[in-house]
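K.L.:
got a predicted structure here, sequence first:
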Amino acid sequence: MSVQKVRKAVIPAAGLGTRFLPATKAMPKEMLPIVDTPTVQYIVEEAVESGIEEILVITNSNKHCMENHFDKDYELEARLTESGKTAQVKMINDIANLANIYYVRQKEPKGLGHAVLCAKSFIGNEPFAVLLGDDVVVNKGGKPALKQLINAYERHKASVVGVQTVPKDQVNKYGIVAPNKNVAADGRAVKLDNLIEKPNKEEAPSRMAVLGRYVLTPEIFELLEDQGAGAGGEIQLTDAICRLIDTQAVYAYDFEGIRYDVGDKFGFIKATVDFALDRPELRGQVMEYIQSIAKSK
Ligand code: UTP
C-alpha cells in the first residue's frame, strides 16, 4: 500500500514566550537570533531540506517581523546593491525564496493543540508535519530530524512523534511516551500504547520525551476539535495524540541530532555557544574567550 506524501508543515509560533520575557514582550521568541539567524529560519530550512513544499506558520498579533523576515525587502536590497554588497543581497533574497510560507493567527494562546487546530483548513485531508517554532535540531552530516520522522511515517504508514531520552528528573517537563510492550522495536521506531503530558517521575512510563517534531495523520483534527483543556489549562496536542492511539497506530521515533530548546534561557545560551563554535570565522575567538573565563571564574 502506498502512503500519501508529507508535503505540508505547520510551525506553531504563537506562544507567549513567558520564559523569555522581557525580550518576548514585543518580539516573538522564534525571532531570537542564534548568532545571526532567527530561530524560525533554521526550522524552515529543516522543513525544506526534509522535502516539505508548503509551510503554515501559526502566529499572533505580535508576529509581523516574522512575516517580514521571509518576505522580499526591496528597499534594503536597493541599498545593499548600491553599496556593492552583493553577498548580502544574495543572502536576503535566498531567505525570501526559501519556501512557500503562509500565516494564520491563533487568536488566543490556548495551547499547542489549539495552535495546530488552526491549520485544519490549510492541511485538508493529508498527512502533515509539525515543527515547534522554538525547538532547533542539528544533525551534522546526517538527515534532518523531520526527514527521519517522514521516513518512519512512510515505513509504518502511521503518525510518528519525535522523541529523545531525557534525565529522569526532567520527565515532568515533557510529553512522555509509553511503548507497546508486545510489539518489538523496529530500529529507532517503537509503537505506542500511551502518551502522558508532564507526568511526575514516579508515574512516567519511560524517559522518552516528545521533542518538537511530529508527522500526523489528518484524523488528529477531529480529536483536537473536542479536546478539552489539559495540563496548565491548555489544549494539549499530546492529549489528542493519546486519543489517536485508540483508533490508529502511532509510533515514536528516537531521532538522531542535538536538540536545543531555544525558548528556555539555558537552551538558548547552549545553542548560541555551539553555533558560534561551528562558524570558522568565530570559532577561534569564542574558544579563547571560553577558556579565559573558565580559568578566571
Ligand atoms: P511552549 O510552551 O514552549 O511555548 O510551546 P510558550 O507557551 O510560548 O512558552 P512559555 O512557557 O510561555 O515560555 C511550544 C511551541 O508551541 C507554540 C509556541 O510558540 C512554541 O513554538 N504555541 C504554544 C502556540 O503556537 N500557541 C500556544 O497557545 C502555545
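P.N.:
Noted; the coordinates are in hand. Every value quoted in this text rests on a predicted model; they were computed, and no experiment measured them. Numbering: from 1, shown residues only.
K.L.:
residue of this protein with the smallest distance to the ligand?
P.N.:
Gly15 (2.1 Å; C-beta to the nearest ligand atom). Where you see a C-beta, it was placed from the backbone N, CA and C, and this is true even at glycine.
K.L.:
skip the chain neighbours and tell me the closest residue to that residue.
P.N.:
Pro109 (6.0 Å; C-beta to C-beta, 6 or more residues apart in numbering).
K.L.:
which element is that neighbour on?
P.N.:
For Pro109, there is no helix or strand it lies in under DSSP states H and E.
K.L.:
start the count at 37 instead of 1 going forward.
P.N.:
I'll keep to 37 as the first residue from here, and by that count the last item is Pro145.
K.L.:
who's in contact with it?
P.N.:
For Pro145, the contact set (C-beta atoms under 8 Å, 6 or more residues apart in numbering) comprises 50-52, 96, 151, 270.
K.L.:
repeat that for 10 Å
P.N.:
By C-beta atoms under 10 Å, 6 or more residues apart in numbering, Pro145 lies in contact with 50-54, 96, 151, 270.
K.L.:
so for those, which is the shakiest by pLDDT?
P.N.:
Scanning the contacts of Pro145 for pLDDT, the low point is Asn96. It has 87.
K.L.:
so what's that residue up against?
P.N.:
49-52, 64, 141-145, 151.
K.L.:
how about low-confidence regions in the chain?
P.N.:
In the predicted model, the chain carries pLDDT under 70 at residues 37.
K.L.:
which of the contacts of Asn96 sits closest to Phe304?
P.N.:
Nearest to Phe304 among these is Pro64, at 13.6 Å by C-beta to C-beta.
K.L.:
which of the three states applies to Gly47?
P.N.:
Quick fix: residue 47 is Ile, not Gly. With DSSP: H, G, I helix; E, B strand; the rest coil as the basis, Ile47 sits in strand.
K.L.:
about what we covered before: what about the contacts of Asn96, which are in strands?
P.N.:
Using DSSP state E, the members of the contacts of Asn96 that fall in strands are Arg141.
K.L.:
filter the contacts of Asn96 down to the buried ones, ChimeraX style.
P.N.:
Selection command for ChimeraX covering only the buried members of the contacts of Asn96, criterion 16 or more other C-beta atoms under 10 Å:
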select :49,50,51,64,142,151
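K.L.:
residue ranges of the helices in the stretch 37-186 of the chain, please?
P.N.:
Listed in chain order, the helices of the stretch 37-186 of the chain (DSSP state H, counting those that start in this stretch) span 75-85, 100-105, 110-118, 122-132, 148-153, 156-159, 181-192.
K.L.:
touching the ligand at all, stretch 159-175?
P.N.:
Yes - Stretch 159-175 lies within reach of the ligand by C-beta under 6 Å from any ligand atom, at 168-170.
K.L.:
residues in contact with Asp254?
P.N.:
No, residue 254 isn't Asp; it's Pro. 40, 156, 159-164, 195.
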